[in-house]
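[1] Sequence and predicted structure are below.
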Amino acid sequence: MRRAYNSVLKLPQLSTCPQCAAPYIPHRVCPACGYYRGRQVLTVVAEG
Ligand SMILES: [Zn+2]
């Protein structure tokens, strides 16, 4: 049984957030800064 490239295909394609340059899943809100499509849709609690 040869192992296919399933593991590669399962990897999520990450995009780079234009706001904070953190990797995030496309069509999802950036978990780092809460931006989505150029708007902040989530309030990320700042440290401190
Ligand atoms: Zn971000």
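    The structure has been received and is ready for your questions.
[2] What sits closest to the residue nearest in space to the middle of the chain if chain neighbours are left out?
    Centroid-nearest residue in the chain: residue 24, 1.2 Å away (criterion: C-alpha atoms, centre = their mean). Leaving aside its chain neighbours, residue 24 sits nearest to residue 30 (4.2 Å; criterion: C-beta to C-beta, 6 or more residues apart in numbering). Any C-beta I mention is one placed from the backbone N, CA and C, and that applies to glycine too.
[3] Can you report how many residues neighbour the one you found?
    23 (other C-beta atoms under 10 Å).
[4] What does the pLDDT read for it?
    At residue 30, the pLDDT value in this model is 92.
[5] That one against residue 18, yeah?
    No: the criterion here is C-beta atoms under 8 Å, and residue 30 misses it with residue 18 at 9.0 Å.
[6] CA atoms only for stretch 27-46, dumped as CSV, please.
    Provided in CSV are the C-alpha atoms of stretch 27-46 (Å, rounded to 0.1, in the frame of the first residue of the first chain):
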residue,chain,number,x,y,z
HIS,A,27,-12.1,33.3,4.3
ARG,A,28,-11.6,33.2,8.0
VAL,A,29,-11.0,36.0,10.4
CYS,A,30,-7.4,36.5,11.3
PRO,A,31,-7.0,35.1,14.8
ALA,A,32,-4.1,37.4,15.5
CYS,A,33,-5.7,40.8,14.9
GLY,A,34,-9.4,40.0,14.1
TYR,A,35,-9.3,41.5,10.6
TYR,A,36,-11.3,40.1,7.8
ARG,A,37,-11.4,41.5,4.3
GLY,A,38,-9.8,44.8,5.4
ARG,A,39,-12.2,45.3,8.3
GLN,A,40,-11.8,44.5,11.9
VAL,A,41,-14.7,42.2,12.8
LEU,A,42,-13.3,40.8,16.0
THR,A,43,-12.0,42.6,19.0
VAL,A,44,-8.7,41.1,20.0
VAL,A,45,-7.9,41.7,23.5
ALA,A,46,-4.5,43.4,23.6
